[in-house]
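> What follows is a predicted structure for the sequence shown.
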Amino acid sequence: MSKQLLSGNEAIAQGAWEVGASVGVGYPGTPSTETLEALVAKDGIYCEWSPNEKVALEVGIGASLGGVRALVTMKHVGVNVAADPFMSVANTGVNGGLVLLAADDPSCYSSQNEQDSRIYAAFARIPCLDPSDSQEAYDMARAAFALSERFDTIIMLHETMRIAHTRTMVEVAGERAVPEQPAYESRPEKYVMMPANAVRRTLAANEREDALLAWADETPLNRIELRDRSVGIICAGALYTHVREALPEASVLKLGMTWPLPAGKIAEFAAAVDKLYVVEEACTYLETRVRALGMPVQDPPGGRLPRSGEVTPAHLRAAFGIEDPAHLPVAEGLPPRPPALCAGCPHRLVYCELRRLKAIVTGDIGCYTLGAVAPFRSVDSVIDMGASLSMAHGMELAGAGQKAGRPIVGVIGDSTFAHSGITSLLGTVYNGGTGTLCILDNRTTAMTGTQGNPVNGVTLAQQAAHANPLDNPVGKPLDLVKLCEAIGVDEVEVVDAQDLQAIRAALKGATSRTDKLSVIIFQAPCRLLDRSRRPMPSFVNCRRCGTCVKIGCPALGKDETGHPVIDPAQCIGCGQCAQSCPFGCIIQEG
Amino acid sequence: MAHNIVDGSIAVGDKTVALQGTRTILLVGVGGQGTILAGNILAMAAAEAGLDVKVSEIHGMSQRGGSVSTVIRVGEKVESMVCDPGCADIVVAFEVVEALRAQQFLRAGGAMFVNDEQIVPVSVNVGTFTMPEDAPARLDAIGAVRIDAGGIARAVGSPKSANVVLVGALSTALPFSVEEWEDAIRRRVPPATVDANLEAFARGRAAASRTR
């Protein structure tokens, strides 16, 4: 027994490890990523990154059927990708305990939407556990596997960013016990989801739902805290802590399990308080269901909570008529500081050229999404992983490029290409599509913290051992050129992403071949992997044209006279500015 | 590579500090400035003094030069992990523009310590925005304590210890003993840099004491 200060993700990894999870699998995605990174560092458990979340869940299902406990991790939008196996494993049930960690991101701190994963749990009719801090995340991770086996179902362990990335005190047992594994038996009636079996399994799911409904009213995961009975609030997750902060006297029904809801406890709580409220964020998941139970849910006296975005104690104070503390106004006249491509980033010169080409760019998910913001502003769309390539094809079908007189270019990263770009490319080739697709291969999954992926061949175990990902990978790296050729792409070219002239020539060539499908693989390692430096460049006879500054390098600014200035602390001597100078006035030595 | 998984182990000692209510400390800066290490030192000092602690970080973009923030709340029993406007007892800003950006979070009568350094964002470099010329005066007007953390760090021979200089300044506004802070620093910084960091802490503490 020891006390540790752990993030929700670290606590879940600890809990899963202690109760004998033997396989951990997932796809990196904020705010879920650190769970597997913490788990792989522990003894006696095997963990790996999958190419995408669907594959990850299927690996987890296989491990469960094979008789071991398995944890599968992903962010909320990853659950969409995994939804196909998820909806059917809800029918088959499990052998070894199977837990899906779904990490939501209210307010979209690092995401393209803020969907509530609990709706998937309700959709599939499988239990959803919802911790309020790291202690509960640890306790629920421990409980989830046994619960999975007891009710013969996959369990969703649901967290939001505030739970995943807040470190709180946890009492940790620190010892691992692996339950005895039953010998494998073929059970096609349970696991072969052909129609006759699927119908029978649906009936089994009905019975399971009844059993879970009864258990929901018994489990201490859902608890009534009676204080001042004039105000009663139903809440779960991080919102519970916000309610305790803002309304410490209020009575609370704290839901630790958010599917199925405890109908009896909700009715008991509603009867015990004068006014019943539901507090939640980014969704009306709970409110809709509590109202459907016939409960008299009221709107807060100060008005409804926001329909989107995180809810914090300040929102609760406003909704319940408590004065906000005095504070200074928001400061005016400040320059924004959004994230920017790093000094030396291999995506920068590609975006400079796409900007020059005035291309219609269908973009994708990763660091290179930053090509959408100043000073590039050269990405037209970002929807979901893989969409860049398939959307470019749809744009072509719409004739958008011809009408606008602009080339259409799809841009995708290496990990995202492996995640779901390959099938998109296949669709374009199969249907005789043409156009230009760029794979920005920076040899890593950069945005989430330089994880391994199928393109670089670096495994999660290797990552945990702090091996330099640019050295010999343990896994088998994907040969992008061979893959594209095998799929049937007309023209495949590998181009150094740090060579401006080569980038220009490749993009010009590809976009002029209007009757062909071209894939350009822009290759150069992410600066988070390759930390090498060269001497800082110098300026000779600078004409103050401003071109170099427009490449958006964080190390490059201007003085009052418009002369460029390099910040020696940030410059790594990559030479991108020297290449961009139209007059050759930036001298890069070494 | 990837994230540094923090060793969260803590020797929870006897309670040495009693706090009325919960204290909220907001650390703001620019990705890469060491706000996370500073937060860890504070969290460890508080936990080892027997207090409850919550540390909330916004991840994802921290290595891309964007604004970053960490909220640390300490007390007998900490509930929410969020800091709303007017709720920070102490703001520690690692950069001047970020200090102004965070001003509405400071409660009336709260303390603000600012590293007196400006980092120009890309939005200014490319000419879309300008730096606020009157930033130091605006900070003085709201009672912020400006500290030359970078200069002090260089003077103690460890330019990267500017974050620990700011921890020293912060320490003047919290009831933990110097020994508790020093112990937390020893356990959080690389062994070879312990002496320089302890000196950085002491000078940051002295600078804030002089100015306040």
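Arrived safely.
> residues making contact with the lowest-mean-pLDDT helix or strand in chain B?
Using mean pLDDT, DSSP states H and E, helix B:122-125 stands out as the lowest-scoring helix or strand of chain B, at a mean of 88. Helix B:122-125 is touched from outside by A:335-338, A:340, A:374-375, A:549, A:552-554, A:556-558, B:65, B:129-131, with contacts defined as CB atoms under 8 Å, 6 or more residues apart in numbering or on different chains. Just so you know, the C-beta spots here come from the backbone N, C-alpha and C atoms, and that holds for glycine as well.
> secondary structure element for residue A:403?
Following DSSP states H and E, the helix or strand that holds residue A:403 is helix A:400-404.
> Check residue B:91 too.
strand B:88-93.
> do that strand and chain A meet?
No - applying CB under 8 Å from any CB of the partner chain, one finds strand B:88-93 separated from chain A by no less than 8.9 Å.
> Pull out the buried residues from that strand.
Of all the residues in strand B:88-93, those buried under the rule 16 or more other CB atoms under 10 Å in any protein chain shown are B:88-93.
> And the furthest pair within the residues you listed?
Greatest spatial distance among those (CB to CB): B:89 and B:93, at 14.4 Å.
> any chance you could map the strands in chain B?
B:22-30, B:52-57, B:67-75, B:88-93, B:106-115, B:145-147 (DSSP state E).
> Quick check: which helices or strands does the longest one pack against?
Other helices and strands packing on strand B:106-115, by 3 or more CB pairs under 8 Å, 6 or more residues apart in numbering or on different chains; DSSP states H and E, are strand B:88-93, helix B:96-101, strand B:145-147, helix B:162-171.
> State the distance from the residue with the largest distance to the centre of chain B to residue B:121.
Outermost residue of chain B with respect to the C-alpha centroid, by CA atoms, centre = their mean, is residue B:127; its distance is 30.2 Å. When CB to CB, to the nearest Å is the yardstick, residue B:127 and residue B:121 sit 12 Å from each other.
> Mind picking the one among the buried residues of strand B:88-93 that's closest to residue A:228?
Among the buried residues of strand B:88-93, residue B:89 lies closest to residue A:228 (CB to CB), at 26.9 Å.
> and the least confident helix or strand of chain B, C-alpha only, in CSV?
As requested, the backbone C-alpha atoms of helix B:122-125 are provided in CSV (Å, rounded to 0.1, in the frame of the first residue of the first chain):
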residue,chain,number,x,y,z
VAL,B,122,4.6,33.5,-34.4
SER,B,123,1.5,35.7,-34.7
VAL,B,124,3.8,38.7,-34.1
ASN,B,125,6.7,37.4,-36.2
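> For PyMOL, what selects the buried ones among the contacts of helix B:122-125?
Applying 16+ other CB under 10 Å to the contacts of helix B:122-125, the buried members can be selected in PyMOL as follows:
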select buried, (chain A and resi 335+336+337+340+374+375+549+552+553+554+556+557+558) or (chain B and resi 65+129+131)
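> Name the next helix or strand downstream of the helix or strand of chain A with the lowest mean pLDDT, please.
Ranking every helix and strand in chain A by mean pLDDT, DSSP H and E puts helix A:460-464 at the bottom, with a mean of 88. For helix A:460-464, the following helix or strand on the C-terminal side (DSSP H and E) is helix A:480-487.
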